[in-house]
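Novice: give me the fold of what follows.
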Amino acid sequence: MELWQNKKMRLLAIVLSIFIIFPSGVYSSDALYCLEEESTGFYKEENKEYEITDFILERFSIKFSDDSFSNLTISRDKKKENYTCTNEEVFLGSVNKFSLHCNENSDVAPYLFLYSVEKKRFTYFRGSIFGYPLEGGDSTVLSIGSCDDF
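Specialist: The predicted model follows:
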């Protein structure tokens, strides 16, 4: 009987080790490749008024720091943007959806990235105080798209 309990304990230790070494979910070692499907907003040429325009669709990657989804890095245009995310439960009918509300860690251009972990779809807002609010030249961009595993 004691031998069986030792085998049972060894099996439990092996299973727990596998979950510790190879946890599930998207976290720091799992980057996702994202593609904008639509991108629109406001653009201003020098000495002209803002115009509504479509922007060139971009590709970028996202990476969460761990499986708590509290920190996100977006890599685009050869630069990295760091975000702090809030896990939000969204109730749609009787289906419980896991979504993230992520704000860029910046005082100048606080971009916003909304992401559904389940659907791997996003809404991405990029604006700046140096755009329309201060009559500057920065564009305001709103895009939607999806992400997939590399």
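Novice: do you know how far Asp149 is from Ala31?
Specialist: 8 Å (Cβ to Cβ, to the nearest Å). For glycine as for every other residue, the C-beta is placed from the backbone atoms N, C-alpha and C.
Novice: give the contact list for the closest residue to Ser143 other than its chain neighbours.
Specialist: Leaving aside its sequence neighbours, Ser143 sits nearest to Ser39 (Cβ to Cβ, 6 or more residues apart in numbering; 3.9 Å). With contact taken as Cβ atoms under 8 Å, 6 or more residues apart in numbering, Ser39 is in contact with Asp54, Phe55, Ile56, Leu57, Glu58, Val141, Leu142, Ser143, Ile144.
Novice: quick one: residues contacting the residue nearest to Asp149 when sequence neighbours are not counted.
Specialist: Of all residues not flanking Asp149 in the chain, Leu32 sits nearest, at 6.4 Å (Cβ to Cβ, 6+ apart). Contacts here follow Cβ under 8 Å, 6+ apart; on that basis Leu32 touches Val26, Ser61, Ile62, Lys63, Lys120, Cys147, Asp148, Asp149, Phe150.
Novice: between these, which is closest to Ser75?
Specialist: Nearest to Ser75 among those, counting by Cβ to Cβ, is Ser61 at 4.8 Å.
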